[in-house]
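Asks: pasting the structure only:
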């Protein structure tokens, strides 16, 4: 990916390193979106489990279900942000982690969150 200075002029090497930093920042940002989504899911699930005796019972379940929306939004935004930057980098001829891997990861977290909320709310 990044070639040695002997093979390229210093301007191109600098550009390659800038692209590498951008790729790493993009992956850190994706990880932060996933952490935010999962943290929100844990907070929502904890809310439902810590307040089971709150009356009326449907209110607790509704609050728990409401917490699922920011989880899904966070996971979706994380993927879209990653994918948009990846497309721009690929136009420059720079490769990152395949978008397919991120789709699998995002989909897995989304399904796990939905299933956890369903089982917690129905419990």
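Replies: Perfect, thanks for sending it. Bear in mind the structure is a predicted one, so any value in this text is a computation, not a measurement.
Asks: check which element follows the host helix or strand of residue 59 along the chain.
Replies: For residue 59, the host element (DSSP states H and E) is helix 57-91. Using DSSP H and E, the helix or strand that follows helix 57-91 in sequence is helix 99-122.
Asks: buried ones in that next one?
Replies: 102, 105-106, 109-110, 113, 116-117, 120-121 (16 or more other Cβ atoms under 10 Å). Any C-beta I mention is one placed from the backbone N, CA and C, and that applies to glycine too.
Asks: what residues does it touch?
Replies: 30, 34, 37-38, 41, 44-45, 48-49, 61, 64-65, 67-68, 71-72, 75-76, 78-79, 82-83, 86 (Cβ atoms under 8 Å, 6 or more residues apart in numbering).
Asks: now with 10 Å, please.
Replies: 27, 30-31, 33-34, 37-38, 40-42, 44-49, 60-65, 67-68, 71-72, 74-76, 78-80, 82-83, 86-87, 90, 96-98 (Cβ atoms under 10 Å, 6 or more residues apart in numbering).
Asks: got the contact list for residue 22?
Replies: Contacts of residue 22 (Cβ under 10 Å, 6+ apart): 85, 88-89, 92, 94, 96.
Asks: which of the residues you listed count as buried?
Replies: 85, 89, 94, 96.
Asks: looking at the contacts of residue 22, which is nearest residue 56?
Replies: residue 85 (45.1 Å; Cβ to Cβ).
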